[in-house]
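[1] here you go, sequence then predicted model.
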Amino acid sequence: MPEKRHPVEVRAQEEHLARWLTRRTSLPVKLFDLREQGFELVGGRLLPDSAGPSAQLMYQDAGGERVTVYLRKPDADTPAAFRYEQQGELGLFYWVEGGAGYALAGSLPRERLLALAEAIYRQQPATGAAPPAGSPSR
């Protein structure tokens with residue numbers, strides 16, 4: 001849900017954001033650098049999830065378009081493959097890597113969202129490699 005005045009719980013300028021979310025979620029939370037793709041980190045928040053606490057990072061471009069990165073402990077049966085889904089205008093790329101589930105959501109064209117997802121994948125703490133071969137499915 002868009003929130004203009006309070007989009008995040010902890011602003012990006014607060015140095016403890018990654019440590020705080022990592023400690024609370026027991027996941028390696030990294031603040032991804034998406035400036036090359038035109039997005040700046042706004043901040044993050046701690047969210048409840050059926051698998052335990054999860055983290056949400058919010059990014060915004062110069063035009064005010066926002067995307068969120070959601071990190072959670074994946075369910076045992078969650079496929080690790082890079083996948084894409086769309087519901088109305090909202091696009092979602094998700095994957096599992098290094099014991100964490102990642103989801104990138106936003107109302108961007110699929111190609112632009114894919115560029116962001118690939119940038120995040122390359123920066124994940126457990127990797128640094130290119131996304132899995134065979135483009136995202138679906």
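    Here it is on my side, so go on.
[2] need the longest helix for the chain.
    Secondary structure of the chain read by DSSP state H shows that its longest helix is helix 110-123.
[3] for stretch 85-104, buried residues please.
    Along stretch 85-104, the positions that meet the burial threshold by neighbour count (16 or more other CB atoms under 10 Å) are 91-97, 100-104. Yep, even glycine has a C-beta here, placed from its N, CA and C like the rest.
[4] for the chain, which spans come out with low pLDDT?
    Counting by pLDDT under 70, the chain shows low-confidence ranges at 1-9, 11, 13-14, 126-138.
[5] residue boundaries of the strands in this protein?
    10-11, 39-47, 54-61, 66-72, 83-87, 90-97, 100-106 (DSSP state E).
[6] quick one: the fourth one to strand 39-47, angle?
    On the basis of axes from the mean of the first three to the mean of the last three CA atoms, to 10 degrees, strand 66-72 is oriented at 40 degrees to strand 39-47.
[7] can I get the strands of the chain in JSON lines with distance to F32?
    Rendered in JSON lines, the data for the strands of the chain read as follows (distance: least, CB to CB, whole Å):
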{"stretch": "strand 10-11", "distance to F32": "16"}
{"stretch": "strand 39-47", "distance to F32": "8"}
{"stretch": "strand 54-61", "distance to F32": "7"}
{"stretch": "strand 66-72", "distance to F32": "7"}
{"stretch": "strand 83-87", "distance to F32": "18"}
{"stretch": "strand 90-97", "distance to F32": "13"}
{"stretch": "strand 100-106", "distance to F32": "10"}
